[in-house]
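1. okay, sequence plus prediction incoming.
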Amino acid sequence: MNPRTALLLLVIVLTGCQSIGFSWYSSPRVTGQVLAADTRQPLPEATVKRVVPCPTTGTDTAPKGGMLQMLPAGERADANGRFVLDAEKIVTVFRRGGWHSVTVAFECAGYESFQTNYTSNQFKERSYEGVPLVNAGDILLKPKSP
């Protein structure tokens, strides 16, 4: 094969084919609203974050040092208690990525923490751009007992 033809084919394959990519979503965009369970009022100071599983060493050990710095800080709910956790992508050449589940934690001062899991089987929505979407709906946090 002549070098020009080989180069042309390479350029077509790498730039002209929209159906082949090297990045896939590893976690969906999660949206919803955090409310007080007793009053149904928005909780604007609530923190929402993905729970990232830590690699285990065979024992139950809490993350330390640099591992703590790598954990996501989370997002604050807005004045209406609404939140958006952006989708996350991974880049890979060898294997197609995807997401099977995402665990999300909700915290707010004066309220009990809440954690839940969303699976790809439960939600099949995608944005116009192809971003996987999870609408968590209303998340009700219970006030801490005195």
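-> Great, that's in hand.

2. what sits against residue 117?
-> 101, 102, 103, 104 (CB atoms under 8 Å, 6 or more residues apart in numbering). From N, CA and C alone the C-beta is placed, and that goes for glycine too.

3. the strands in the protein, which residues?
-> 23-27, 29-36, 47-50, 75-76, 82-85, 88-91, 101-107, 114-119, 133-141 (DSSP state E).

4. tell me the average confidence for the fourth one?
-> Mean pLDDT, taken over the full extent of strand 75-76, equals 90.

5. cool, stretch 38-56 as well?
-> Average pLDDT, stretch 38-56: 85.

6. now stretch 133-146
-> Averaging the model's pLDDT scores along stretch 133-146 yields 91.

7. before we move on, back to that, kindly reformat the strands of the chain as CSV containing distance to residue 6.
-> Formatted as CSV, the strands of the chain follow (distance: least, CB to CB, whole Å):
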stretch, distance to residue 6
strand 23-27, 26
strand 29-36, 40
strand 47-50, 44
strand 75-76, 48
strand 82-85, 44
strand 88-91, 26
strand 101-107, 43
strand 114-119, 45
strand 133-141, 41
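
8. out of those strands, flag the one nearest residue 126.
-> Comparing the strands of the chain against residue 126 with CB to CB, the closest turns out to be strand 133-141 (6.2 Å).

9. hey, C-alpha coordinates of the closest one in PDB?
-> C-alpha atoms of strand 133-141 as PDB (Å, rounded to 0.1, in the frame of the first residue of the first chain):
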ATOM      1  CA  LEU A 133     -28.800  11.100  33.600                       C
ATOM      2  CA  VAL A 134     -30.100  10.200  37.000                       C
ATOM      3  CA  ASN A 135     -32.900  12.300  38.500                       C
ATOM      4  CA  ALA A 136     -32.800  11.500  42.200                       C
ATOM      5  CA  GLY A 137     -35.900  13.500  42.900                       C
ATOM      6  CA  ASP A 138     -36.600  14.800  46.400                       C
ATOM      7  CA  ILE A 139     -34.100  13.700  49.000                       C
ATOM      8  CA  LEU A 140     -35.500  14.000  52.500                       C
ATOM      9  CA  LEU A 141     -33.100  14.400  55.400                       C
END
